[in-house]
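K.L.:
I'd like to go over a predicted model; first the sequence, then the structure.
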Amino acid sequence: MSRDLIESGLGWEYRDERVAKMIADPETVALVARDVSLIAGFAIMTFGDDRAHLVLLAVGQSHHRQGIARAMLDWLLESARTAGAASVHVELRAANAAAFALYRSAGFEQTLRVSGYYRGRESAVRMLRLLRAPDAALPVWQPPTFDRR
Ligand SMILES: CC(C)(COP(=O)(O)OP(=O)(O)OC[C@H]1O[C@@H](n2cnc3c(N)ncnc32)[C@H](O)[C@@H]1OP(=O)(O)O)[C@@H](O)C(=O)NCCC(=O)NCCS
């Protein structure tokens, strides 16, 4: 999906081995959206100390415009917020209007345009979603409680 939907025309960098490494990394979340046995979409996000980076996100063409990307993004934003991240960052191809609209609809703002970012051939747009003020005190985490009745 990354080769065909995200990296198409740029050369294939996110091959099985690289993706498997990311899945095995405890600082990374890999999310798969399923339609029965079909993989409808996927997303991969890495977590740093106070920021998260959305590395890959795609939905198969037959499943577009059903809210799947937005549902994955909302889940990832909530995970990042729970993990204490102050912001979520993403880069996308500057010509990718669908992804730009998706991220804007989820509250991301464009921060930068980097010309030649992709193999010196295509510009990238960087976007950022703030989750909290960077210096805000974090709530103390409490384990979930269960009703044992
Ligand atoms: C961008 C992409 C992930 C959107 O997935 P999706 O599941 O179809 O998106 P959703 O149905 O969740 O759409 C949520 C919102 O995003 C925006 N959006 C999504 N696709 C759009 C399009 N083609 N044109 C304009 N806006 C679009 C809309 O605001 C939409 O809300 P709406 O349907 O209520 O208008 C999908 O087109 C895709 O996989 N593209 C190829 C890979 C890619 O570009 N990945 C992102 C860069 S890493």
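P.N.:
Now that the structure is in, tell me what you want to look at. Residues are numbered from 1 along each chain as shown.

K.L.:
make it CA atoms for all contacts and neighbour counts henceforth
P.N.:
OK.

K.L.:
which ones are touching the residue nearest the centre of the chain?
P.N.:
Nearest to the mean C-alpha position of the chain, by CA atoms, centre = their mean, lies residue 54 at 3.1 Å. With contacts defined as CA atoms under 8 Å, 6 or more residues apart in numbering, the neighbours of residue 54 are 43-46, 88-90.

K.L.:
Could you grab the helix/strand/coil label for residue 133?
P.N.:
Three-state assignment for residue 133 (DSSP: H, G, I helix; E, B strand; the rest coil): coil.

K.L.:
ok, it touching residue 86?
P.N.:
Yes. Contact criterion CA atoms under 8 Å: residue 133 and residue 86 qualify, at 6.5 Å.

K.L.:
Give me the more crowded residue out of the two.
P.N.:
residue 86 (20 against 10; other CA atoms under 10 Å).

K.L.:
Tell me which residues touch that one, please.
P.N.:
Taking CA under 8 Å, 6+ apart, one finds 50-51, 130-134 in contact with residue 86.

K.L.:
And the furthest pair within those?
P.N.:
51 and 133 (11.8 Å; CA to CA).
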